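When you get a sec, could you give me coordinates for this:
(chains A and B)
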2 protein chains.
Amino acid sequence: MDDDDLRRGKPSCHKEFDEATALLVGDALQSLAFAVLTAPGLHSNPHQQLQMTHLLAQASGSRGMAGGQAIDLDSVGLALTQEQLEFMHLRKTGALIRAAVLLGAWCSAKHTHADADNSALFSTPAFSALDHYAKHIGLAFQVIDDILDSEADTATLGKTSGKDKETNKPTYVTILGVTRARKLAAELHANAIKPLAGLDNAGLNNSTRLIQIADYIMQRAY
Amino acid sequence: MDDDDLRRGKPSCHKEFDEATALLVGDALQSLAFAVLTAPGLHSNPHQQLQMTHLLAQASGSRGMAGGQAIDLDSVGLALTQEQLEFMHLRKTGALIRAAVLLGAWCSAKHTHADADNSALFSTPAFSALDHYAKHIGLAFQVIDDILDSEADTATLGKTSGKDKETNKPTYVTILGVTRARKLAAELHANAIKPLAGLDNAGLNNSTRLIQIADYIMQRAY
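Residues are numbered from 1 along each chain as shown, chains lettered A, B, ... in the order given. So this is what the prediction gives:
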């Protein structure tokens, strides 16, 4: 399995089966996510259930994951700036990480609106803090991923290393070098967890778990 | 553009751009459909809006389009029975045609339920008639498509003809021959529009349009 793609030490779906099958499984699982989120009676407030589904749809689409992936494809061989790389990753991987955090928050938040307007909920300090957290751990995850790709050997990483360099893709390591990329990851981690202290006061008292997730992202690297 | 795929006389997306771009556009458009359907305030009844989104999600997934496409991929070179071919097409193209018809019906139907239960709506004679119509025009569309592929030249068809035979895919023509396939399409058409007469009594008085669509599907062939 020398040149094959690995994920967590196992062959990726498109290697174990084939590319067409992997693409179809992705399509089917995405549809399943929307089917689960819209299941009748899943949530006592159908407005809130609609808004959660809407959030996931936006995070997956042209202004989220699919758009970020398109930018990624167009960036092969280009010398991106750090800002351009960040713009891409906030969409390609960041949008779904953000959706995961906010959907979790939304499940536990007490929704007091009986109508379709969700702007009040989104502008609460708790949601702002979680959004800030999600954005920054998403970027930290990507920086660490780039460092791992450049340094780790295949056995440790669980996926084929050096692939980014092979395909001539811009990464945080190609732009900043390993040392500055490590520093950036640490800054993003610190920045991510900074506003979480305020969450306990807002009734969302599981910031310990969120900090553990942020720590785990960093520890993958060393 | 000899060997390239054509759609309505123009190059398909994956030929005009490339396969990765076409796949991403598909992902983005599917997400957009879910975003549109879950837009806050789109429908006065959020339960109904959720159920419509749920229907689309199921029609797109493993028991709908994605599953049908997977069966299609697995069927290359196999001698399918007519029943197996129908099973595949009811999912691959039929599920979304059915969803299009039922979602339209749902928009215009008076929804009297304030809760998450939609079983009563689905079992009305009007919905049964529309479901029957959608299933049969979906199959008729596919039979006609197979006939067109086997007979029409590329200029008339607007897409590359003879492709099914080249790729050794089972079709209604390879199973039945052209004459019996034509007869089947006519039967499916007649069967599709048969229960529409009852719709006017149910307050859904646009069966004329539905019949025109069924007629159009048939006229593509000749």
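
ok, residue A:92 touching residue A:74?
No. Look at residue A:92 against residue A:74 with CB atoms under 8 Å: they stay out of range, at 11.7 Å. To be clear about C-beta, it is placed using only N, CA and C from the backbone, and glycine gets the same treatment.

how about residue A:7, phi and psi?
phi -130, psi 120 (degrees, to the nearest 10).

what's the spacing between it and residue A:22?
Using CB to CB, to the nearest Å, residue A:7 is found at 11 Å from residue A:22.

between residue A:92 and residue A:74, which one's more packed in?
Using other CB atoms under 10 Å in any protein chain shown as the criterion, residue A:92 and residue A:74 rank with residue A:92 on top: 20 against 11.

so what's the residue nearest the centre of chain A closest to, chain neighbours aside?
In chain A, the residue lying closest to the centroid (CA atoms, centre = their mean) is residue A:97, at 3.0 Å. Once flanking residues are discounted, residue A:97 sits nearest to residue A:138: 4.0 Å by CB to CB, 6 or more residues apart in numbering or on different chains.

And for residue A:57, the neighbour number?
Look at residue A:57: counted by other CB under 10 Å, it has 26 neighbours.

and if you look at residue A:134?
With other CB under 10 Å as criterion, residue A:134 counts 23.

And it, its phi and psi?
Here residue A:134 shows phi and psi, under degrees, to the nearest 10, equal to phi -60, psi -40.

so who does it touch?
By CB atoms under 8 Å, 6 or more residues apart in numbering or on different chains, residue A:134 lies in contact with A:94, A:97, A:98, A:100, A:101, A:102.

pLDDT value on it, please?
Residue A:134 is assigned 96 on the pLDDT scale.

quick one: it from residue A:199, how far?
Taken as CB to CB, the span from residue A:134 to residue A:199 is 13 Å.

Mind telling me what element residue A:69 is part of?
In this assignment (DSSP states H and E), residue A:69 forms part of helix A:65-74.

hmm, the next helix or strand after that helix in reach of chain B?
Using DSSP H and E, the next helix or strand after helix A:65-74 towards the C-terminus is helix A:82-92. No. No part of helix A:82-92 sits near chain B under the criterion CB under 8 Å from any CB of the partner chain; the closest distance found is 10.9 Å.

residues making contact with the helix or strand hosting residue A:59?
Per DSSP H and E, residue A:59 falls inside helix A:46-60. The contact list for helix A:46-60 (CB under 8 Å, 6+ apart) reads A:30, A:33-34, A:37-38, A:42-43, A:64-66, A:95-96, A:98-99, A:102-103, A:106-107, A:111, A:113-116, A:118, B:27, B:31-32, B:34-35, B:38-40, B:46-47, B:49-50, B:53, B:116.

Just the buried ones from these?
Buried residues within the contacts of helix A:46-60, counting neighbours by 16 or more other CB atoms under 10 Å in any protein chain shown: A:30, A:33-34, A:37-38, A:42-43, A:64-66, A:95-96, A:98-99, A:102-103, A:106, A:111, A:116, A:118, B:27, B:31-32, B:34-35, B:38, B:46-47, B:49-50, B:53, B:116.

Isn't residue A:79 up against residue A:170?
Yes. Between residue A:79 and residue A:170 there is a contact under CB under 8 Å: 6.8 Å.

Tell me which of the two has more neighbours.
residue A:170 (21 against 9).

Quick check: the more buried one touching residue A:75?
Yes. Contact between residue A:170 and residue A:75 holds when scored by CB under 8 Å: they sit 5.7 Å apart.

before we move on, back to that, what's the distance between the helix holding residue A:59 and the middle of its chain?
17 Å (CA atoms, centre = their mean, to the nearest Å).
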